[in-house]
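K.L.:
Got a sequence here, can you model it:
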Amino acid sequence: MEDFSDMLLSTLGRRNRNNEDRISKLPDDLLFKIMSFLNTKQAVQTCVLSKRWKPLWQSLPYLDFNYNTSPFKQKTVQLDDADREQVGIEMLSLSNFISQVLFRRCPTDLVKVCVQSVNYDQHASVLAGLMCYAVKHNVQHLTFQLHRGGGGRPFLLPQSLYTCQSLTSLELKGNDWMAVKLPTLLACPALKSLHLSHFSMAGPNFEPTAFSGCPNLQTLQLFDIWIGSENLCINAVNLRSLLLSFVLHGEGKVEICAPRLTTFKYSGIPPIVCLKENLAFLDDVYFDIKAYSLKRNEEESVIRLINTFKEFRQAKSLTLSTSTVKILAKFPSLLDQNRLPFANLKHLKIKVKKWQSKRFEMPACILNCFLNNSTILKIC
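P.N.:
The predicted structure is shown next:
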């Protein structure tokens, strides 16, 4: 199948029967929209089409730097010395390309900046400089996916990012435990969506009230987070959707103050969740508790899980993974002693993977626990 970028460039070079280039006559805004489907390397290549296209990429409000894009080929996970040297050369090529684009680009505002990089240790200054450039040019959407390099040195996010006035969505993704110092406070008044993955929230680098400076935050996703002894306080009055995924959990609690929350998803080990508001608008709740994390103190963990369920008693739809169901079913007496007060529950959904569909059976104690507390419940 022909690549979309090749197909687009081919189309841009065609002319009609009157030898008229209609596409080049389109206004800049529409051409920018077309070019937004290209990565930055491909967008720069459009300068060879005609004089009309030659300077166009320099004002493009979309920047997409991807290591996987030719000639920045990503290597396999198992790298020998020669491969590591090659990755270093390719990363240097990407780093130089980023610097050249920023140097030649017109000082116009940015809508979206995306970066996927590997081995950032030796090129952290270029990536941090790109963040500063994006903030300075009023970027609205910023996505950084960083793969940890061999040195493991901390990647310092620029301070200007924490107080960006134009930013509406921010994604910071890692592929391993990232040595990144998170801000003590985010003060981004326009931020509506925040996605963080593979970061540690333990220690002095992260304050419990870090999200309080984002009054318009509506979507918060924390993937594969490690919380230590400090409490994680999510105070967001306009938050609608919250996703929490923990791979390690210390003694800290998760405190949620989000009166308009409608969707809550949790994955990982059994949490200690405390709500400071009655979630009257809560619709969907999803729990995926990992069984491997319950080898010690299973009974205590189930009690914690049941108490967490009670915090979300306003939910109209509850989804449980099969691992969560199996964990609860191990202690039917605890379910009898601790009634789950889901008075508004209309749907109980069990998320079964394809390879589990023929072997999974719904435990009777789970059915009784929920059916006895709702007269309008449907089980999917």
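
K.L.:
hey, where'd the helices end up in the stretch 251-380 of the chain?
P.N.:
In the stretch 251-380 of the chain, the helices defined using DSSP state H, counting those that start in this stretch lie at 298-311, 322-329, 332-337, 364-371.

K.L.:
Would you reformat those as JSON lines and include mean pLDDT, mean neighbour count and distance to Ile269?
P.N.:
(Glycine included, C-beta is placed from N, CA and C.) Compiled in JSON lines, the helices of the stretch 251-380 of the chain are given as follows (pLDDT from 0 to 100; neighbours: other Cβ atoms under 10 Å; distance: least, Cβ to Cβ, whole Å):
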{"stretch": "helix 298-311", "mean pLDDT": "82", "mean neighbour count": "17", "distance to Ile269": "8"}
{"stretch": "helix 322-329", "mean pLDDT": "86", "mean neighbour count": "20", "distance to Ile269": "11"}
{"stretch": "helix 332-337", "mean pLDDT": "83", "mean neighbour count": "14", "distance to Ile269": "18"}
{"stretch": "helix 364-371", "mean pLDDT": "78", "mean neighbour count": "16", "distance to Ile269": "20"}
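
K.L.:
Please convert those to JSON lines, extending it with distance to Ser59.
P.N.:
Converted to JSON lines, the helices of the stretch 251-380 of the chain look like this (distance: least, Cβ to Cβ, whole Å):
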{"stretch": "helix 298-311", "distance to Ser59": "50"}
{"stretch": "helix 322-329", "distance to Ser59": "51"}
{"stretch": "helix 332-337", "distance to Ser59": "62"}
{"stretch": "helix 364-371", "distance to Ser59": "57"}
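
K.L.:
Out of these, which gets nearest to Cys114?
P.N.:
Cys114 sits nearest to helix 322-329 of all the helices of the stretch 251-380 of the chain, at 33.6 Å, using Cβ to Cβ.

K.L.:
other SSEs contacting the closest one?
P.N.:
Under the contact criterion of 3 or more Cβ pairs under 8 Å, 6 or more residues apart in numbering; DSSP states H and E, helix 322-329 touches strand 284-289, helix 298-311, strand 347-351, helix 364-371.

K.L.:
got any ranges where the stretch 201-350 of the chain has weak pLDDT?
P.N.:
The stretch 201-350 of the chain contains residues with pLDDT under 70 at 201-209, 228-230, 248-251, 270-272, 291-296.

K.L.:
90 instead?
P.N.:
201-213, 222-237, 245-259, 267-282, 289-316, 321-350 (pLDDT under 90).

K.L.:
where are the low-confidence patches of the stretch 51-200 of the chain?
P.N.:
Checking the stretch 51-200 of the chain against pLDDT under 90 turns up 51-54, 65-98, 115-128, 144-159, 162, 172-187, 196-200.

K.L.:
Now do the helices in it.
P.N.:
81-104, 124-136, 159-162.

K.L.:
List just the one of those helices that sits closest to Ala210.
P.N.:
Going by Cβ to Cβ, the one of those nearest Ala210 is helix 159-162, 9.4 Å.

K.L.:
Would you mind listing the buried residues in the closest one?
P.N.:
Leu161, Tyr162 (16 or more other Cβ atoms under 10 Å).

K.L.:
secondary structure class for Ala210?
P.N.:
coil (DSSP: H, G, I helix; E, B strand; the rest coil).

K.L.:
Now do it against Leu49, distance only.
P.N.:
Using Cβ to Cβ, to the nearest Å, we find Ala210 at a distance of 46 Å from Leu49.

K.L.:
and those two? which has more neighbours close in?
P.N.:
Ala210 (21 against 16; other Cβ atoms under 10 Å).

K.L.:
what residues are up against that one?
P.N.:
Leu182, Pro183, Thr184, Leu185, Leu186 (Cβ atoms under 8 Å, 6 or more residues apart in numbering).

K.L.:
ditto for Thr108
P.N.:
So Thr108 contacts Ser59, Pro61, His137 (Cβ under 8 Å, 6+ apart).

K.L.:
Between the residues you listed, which sits nearest Asn368?
P.N.:
Pro61 (57.2 Å).

K.L.:
Surely that closest one is in contact with Phe32?
P.N.:
Yes: if you go by Cβ atoms under 8 Å, Pro61 and Phe32 touch, sitting 6.1 Å apart.

K.L.:
Now Pro61. Its backbone dihedrals?
P.N.:
Here is the backbone geometry of Pro61 (degrees, to the nearest 10): phi -80, psi 10.

K.L.:
which non-adjacent residue is nearest it?
P.N.:
The spatially closest residue to Pro61, leaving aside those adjacent along the chain, is Val111, at 4.1 Å (Cβ to Cβ, 6 or more residues apart in numbering).

K.L.:
And for the one you found, the neighbour number?
P.N.:
18.

K.L.:
From the contacts of Ala210, pick the one nearest Val325.
P.N.:
Nearest member of those to Val325, counting by Cβ to Cβ, is Leu182, at 34.3 Å.

K.L.:
can you list the helices of the stretch 51-200 of the chain in TSV and add distance to Gly268?
P.N.:
Below are the helices of the stretch 51-200 of the chain laid out as TSV (distance: least, Cβ to Cβ, whole Å):
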stretch	distance to Gly268
helix 81-104	32
helix 124-136	29
helix 159-162	27
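
K.L.:
so which of those comes closest to Ala43?
P.N.:
Nearest to Ala43, of the helices of the stretch 51-200 of the chain and by Cβ to Cβ, is helix 81-104 at 9.3 Å.

K.L.:
ok, and the closest non-adjacent residue to Arg24?
P.N.:
Just so we're on the same page, residue 24 is Ser rather than Arg. Arg52 (4.5 Å).

K.L.:
doesn't Arg22 make contact with that neighbour?
P.N.:
No: applying Cβ under 8 Å as the test, Arg52 and Arg22 come out as separate, 11.7 Å apart.

K.L.:
Settle it for me: which of these two has more neighbours?
P.N.:
Applying other Cβ under 10 Å to Arg52 and Arg22 shows that Arg52 carries more neighbours, namely 15 against 10.
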